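# Everything below, folded, please.
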Amino acid sequence: MRQFQSCMTLLGVCLLFQAAVCAETVTLKESASSDAVWQVASDVHVRGVLKTPQKGGELRAMPLKVDATFRYRERRLPGAGRDAQTLRSLREYETASAAIEVDRDKSSSKLRDTNKLVVAHGRREGIQFYRPTGTMSVNELELLHTPGDSLAILGLLPPKPVEVGESWTPETWVPQMLTSTEALLKADLTCRLESAENDRAEISFQGEVEAALEGATTKLRLTGNLTFDLRQNYIRHVELTQTEQRTVGPVSPGMDVTASMTVDRSPAARNGRLTRRQADATPLEPTAEMLALQLQLANGTTVSHNRDWRVFHQSGRNAILRWVDEGSLIAQANLTTLPNAAPGNHLQAAQFEANIKKGLADADRIVSSKRVADANRFIHRIDVTGRTRDLDMIHRYYLIADKSGRQGIWRFSFEKELEKQFGDADSAIIEQTTFVDRSVTPASVNE
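Okay, here's the model as predicted:
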């Protein structure tokens, strides 16, 4: 009897050993060093409401509808660091456009033909987009930021071989990059290998993210699935649904939205501009010029600025930029283009100063008024100190005009205690304000 029990015990151990040996693991990893070029088709649909503050503290809810289409080729580039920074790619966009409707107000956005070659670089706070030569506009940058970016989804793959039914938790930078959030407060993202057969593996994922973004707090929920091609080792299909509840921030409205997106990838029939030579010529880190953004204003006026500044509002002749750092408002820039004057007949310094004096509060005073040296433009600067809501403030006003009569008034405002941090950020924007050379229709400056 004891001999029989020993045999059965030995048989049980053997069966367990055999089951362990037969449990197959699957490697789900894309090569970052190959010369492969992928054709990517991505469609994004957003539905929900934007919430903007009204007088009395109430929020106005405005229906939001966005439908975006992206078609591009993509080639991986060598990594430039650890974690998210290992993910870099060069893209050639064929189509990048969005139809936007906010409270029945319709608009559209698209990538200019001259800006079709773009670098995508992984960051914890989201994909960093820039052109390898030249600059992008503010609207173009906003257009390219989408949920489930084809580069960011690579972070969902397991770091080691897994079995069917096995789950894993991606590192914290993955959900942060997927949701393009600046400061991660909490993340709970789980992936699971559902099946692996017929040269394809199916992965499901779901999770929640709490984070800070542009001075607002946001809660997001992610659910989705992806298909991995086991024969050619690449992600070929992704479906993602992202719901977001965001509070009102200093540069963005609140929102309660759901975004659904699909990504389809396949080997590209041709490389286009994504040659080995172009890839090798792409620097590991972007220059300041590559990261600069262009803002188009009225009268053919263009302002280039760094990415610290965010467009808070733009309408007609007015644009408001805000500089937010780690959720705190550092400064605001009010850019107002004036009607064109006849050549040489722009607003004069004396009238400019008189207009500012007329609008000053009792606690405000002008501390300096001077001409700024510039060979091609007339620039006059007036510095004002004052108090707003019990805060000591500094306001720097600039009258800027060219010889043809195009002109504008730029005002920079910040707390006095932030003067050192603000530095000469105003000078950088003034230097990068240009007027497009085109015919001008003269008009009175008082128009």
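# In the protein, what helix or strand scores lowest on average pLDDT?
When each helix and strand of the chain is scored by mean pLDDT, DSSP states H and E, helix 2-22 comes last, with a mean of 44.
# and the next element down the chain from it?
Following the chain from helix 2-22 toward its C-terminal end, the next helix or strand by DSSP states H and E is strand 37-53.
# Looking at the following helix or strand past that following strand now, give me its mean pLDDT.
Once the chain leaves strand 37-53, the next helix or strand it forms, by DSSP H and E, is strand 59-77. Along strand 59-77, the predicted confidence averages to a pLDDT of 96.
# Name every strand pairing with the helix or strand just after strand 59-77 and say which way it goes.
From strand 59-77 onward toward the C-terminus, using DSSP H and E, the following helix or strand is strand 88-102. In the sheet containing strand 88-102, the strands it pairs with under DSSP bridges are strand 59-77 (antiparallel), strand 105-110 (antiparallel), strand 117-121 (antiparallel).
# where along the protein do the helices fall?
Listed in chain order, the helices found in the chain under DSSP state H are 2-22, 138-144, 173-179, 276-281, 288-291, 349-359, 419-422, 425-431.
# CA atoms only for stretch 370-380 - export them in PDB, please.
Output for stretch 370-380, consisting of C-alpha atoms alone and laid out as PDB, is shown next (Å, rounded to 0.1, in the frame of the first residue of the first chain):
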ATOM      1  CA  LYS A 370      11.600 104.500 -23.000                       C
ATOM      2  CA  ARG A 371      12.300 103.700 -26.600                       C
ATOM      3  CA  VAL A 372      13.700 100.200 -27.300                       C
ATOM      4  CA  ALA A 373      16.500 100.000 -29.800                       C
ATOM      5  CA  ASP A 374      15.400  98.100 -33.000                       C
ATOM      6  CA  ALA A 375      16.700  98.600 -36.500                       C
ATOM      7  CA  ASN A 376      13.500  97.600 -38.300                       C
ATOM      8  CA  ARG A 377      10.600  98.400 -35.900                       C
ATOM      9  CA  PHE A 378       9.400 101.100 -33.600                       C
ATOM     10  CA  ILE A 379       9.200  99.800 -30.100                       C
ATOM     11  CA  HIS A 380       8.300 101.800 -27.000                       C
END
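# ok, residues contacting it?
346, 349, 352, 369, 381, 398-403, 430 (Cβ atoms under 8 Å, 6 or more residues apart in numbering). All C-beta atoms are positioned from the backbone trio N, CA, C, and that covers glycine.
# Likewise for stretch 423-431?
With Cβ under 8 Å, 6+ apart as the contact definition, stretch 423-431 has outside contacts at 303-306, 308-309, 323, 331, 333, 372, 379, 396, 398, 400, 410, 412.
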